[in-house]
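K.L.:
Generate coordinates for the sequence data below:
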Amino acid sequence: MEGGNSPSLQLQQLPLATAAVSVQPHTDSFSYKENLIGALLAIFGHLVSSIALNLQKYSHIRLAGSKDPRAYFRTKTWWSGFLLLLLGELGVFSSYAFAPLSLIVPLSAVSVVASAIIGIIFIKEKWKPKEFLRRYVLSFVGCGLAVVGTYLLVTFGPNSHEKMTAENITRHLVSWPFLLYMLVEIIVFCLLLYFYKERNANYIVIILLLVALLGSMTVVTVKAVAGMMLVSIQGSLQLDSPIFYIMLVCMAATAVYQATFLAQASQLYDSAQISSIGYILSTTAAISAGATFYLDFMGEDVLHICMFALGCLIAFLGVFLITRNRKKPVPFEPYISMDAMPGMQNMHDKGIAVQPDLKASFSYGALENNDSMPEIYTPATLPIVQEQHGPKGVSAPPYRVLEHSKKE
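P.N.:
Numbering: from 1, shown residues only. Alright, predicted model coming up:
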């Protein structure tokens, strides 16, 4: 009996073992293949977006330097840049469906490197030979560090893959690590918003921290939407689930508010500072959100995590060096040039400026203090003398003009 029952028992256990194998995670080779596809899509998207933005910048520069009365949105160059920008953003959006969030987000350093190189070659930004060592050597060193950091990120990036089904996303959404993370993030966001709005703390770190916290939620929802769309294309429809539209609305809302705070920061601070500090803060917040929501680093060994962190630090340093050497914009002159006004005589004798220098006082119309200035240009002083009460019926003048003792 025992000998006759053993084959049937073995046949009954075989399907169970097969079913257990089917639910195992992806093999290493397939996971690295998906990582590579996602990384290549992200790099391609950032490169195309950088080319598109510089193409639109070139369109603005060419219109500003010509007498063409057309608006910028009526030129073929600007529309070509706009279409390329859509293509680049589509590539970045698609990359979230293949690779982990913590791997895709730091790859935005590629756009900073591409913009630095394209700005020199395509826009033909001029530089003097004496300034090359002082300005552009550090920029090229930064580009090299960013490339090395990108290589380490792709090589040692997290290898966790999960089908973005509605059930899995809902399970992550109500997990206690993410709920605790959301509680801390909401408290920090409210405190920063209070200091920014009520206390007028317009520091760049506070504004960009608001952008980073919103951006971390944006990338979480972007990966959910992109992953569910990919699963739907593969045959398992997920677009009829309410969680898909919840993530879609959250993605749009956080992106709009993120752009609002970013626009406010661009009005107060230089774009180079916003690029470097914003990249560091946004990447850190996004990696933290991905590690909490999608458990990107679950099952990774310590060596891979340390090398991934090293790649992030090297990319941070590279972006900082690139943006540190950008030219600062020339501030707007707060006065009107007298010689540019029609009907006014030119009073710039011997190179003496009528208006004050930017480094001097901003009082309008005051002359510079210059020892070589002719005395005729020295302004007269009109001190006000207090009214003195004399005898009744005799009124004293409210003021008097002091005559100059200088010889004309």
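
K.L.:
For residue 295, give me phi and psi.
P.N.:
Backbone torsions of residue 295, given as degrees, to the nearest 10, read phi 50, psi 50.

K.L.:
That one and residue 154: what is the separation?
P.N.:
From residue 295 across to residue 154, the span is 20 Å (C-beta to C-beta, to the nearest Å). C-betas here are computed from N, CA, C, even on glycine.

K.L.:
so what's residue 257 up against?
P.N.:
Residue 257 makes contact with residue 214, according to C-beta atoms under 8 Å, 6 or more residues apart in numbering.

K.L.:
returning to that earlier point: who has more neighbours out of residue 295 and residue 154?
P.N.:
residue 154 (22 against 17; other C-beta atoms under 10 Å).

K.L.:
got the contact list for that one?
P.N.:
35-36, 39, 103, 107.

K.L.:
Quick check: which ranges of this protein have low pLDDT?
P.N.:
Across the chain, the ranges flagged by pLDDT under 70 are 1-31, 68, 122-135, 325-408.

K.L.:
mind checking the longest helix of it?
P.N.:
In the chain, taking DSSP state H as the definition, the longest helix is helix 28-64.

K.L.:
and it, what does it pack onto?
P.N.:
For helix 28-64, the elements it packs on are helix 76-95, helix 101-104, helix 109-121, helix 137-155, judged by 3 or more C-beta pairs under 8 Å, 6 or more residues apart in numbering; DSSP states H and E.

K.L.:
right, so these: which one is the most enclosed?
P.N.:
helix 101-104 (a mean of 26; mean count of other C-beta atoms under 10 Å).

K.L.:
Just the CA coordinates for that one, please, in PDB.
P.N.:
Taking C-alpha atoms only, helix 101-104 is exported to PDB below (Å, rounded to 0.1, in the frame of the first residue of the first chain):
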ATOM      1  CA  LEU A 101      12.000  54.900  -8.300                       C
ATOM      2  CA  SER A 102      15.300  55.300  -6.400                       C
ATOM      3  CA  LEU A 103      17.300  54.500  -9.500                       C
ATOM      4  CA  ILE A 104      15.400  56.900 -11.900                       C
END
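
K.L.:
ok, residues contacting it?
P.N.:
Helix 101-104 has contacts (C-beta under 8 Å, 6+ apart) with 35, 38-39, 42, 92, 95-96, 153-154, 157-158, 219-220, 223, 286-287, 289-291, 293-294, 296-297, 308.

K.L.:
List the contacts of residue 251.
P.N.:
Residue 251 neighbours (C-beta under 8 Å, 6+ apart): 218, 221-222, 225.

K.L.:
Which of these fall within helices?
P.N.:
Among these, the members falling in helices (DSSP H) are 218, 221-222, 225.

K.L.:
Which stretches in this protein count as helices?
P.N.:
2-22, 28-64, 76-95, 101-104, 109-121, 129-131, 137-155, 166-173, 176-197, 204-233, 242-268, 271-293, 302-324.

K.L.:
Show me the one of those that comes nearest residue 70.
P.N.:
helix 28-64 (7.1 Å; C-beta to C-beta).

K.L.:
does residue 38 really touch residue 92, like I thought?
P.N.:
No: here residue 38 lies out of contact with residue 92, judged by C-beta atoms under 8 Å, at a distance of 10.0 Å.

K.L.:
Can you give me the distance of the residue nearest to residue 281 when sequence neighbours are not counted to residue 189?
P.N.:
Leaving aside its chain neighbours, residue 281 sits nearest to residue 212 (4.0 Å; criterion: C-beta to C-beta, 6 or more residues apart in numbering). As defined by C-beta to C-beta, residue 212 lies at a distance of 10 Å from residue 189.

K.L.:
Which of those two has more residues huddled nearby?
P.N.:
Between residue 212 and residue 189, counting by other C-beta under 10 Å, residue 212 is the more crowded of the two (25 against 16).

K.L.:
can you pull the contacts of residue 316?
P.N.:
For residue 316, the contact set (C-beta under 8 Å, 6+ apart) comprises 149, 279-280, 283.

K.L.:
mind running it again at 7 Å?
P.N.:
residue 280 (C-beta atoms under 7 Å, 6 or more residues apart in numbering).

K.L.:
How about residue 249?
P.N.:
No contacts exist for residue 249 under C-beta under 7 Å, 6+ apart.
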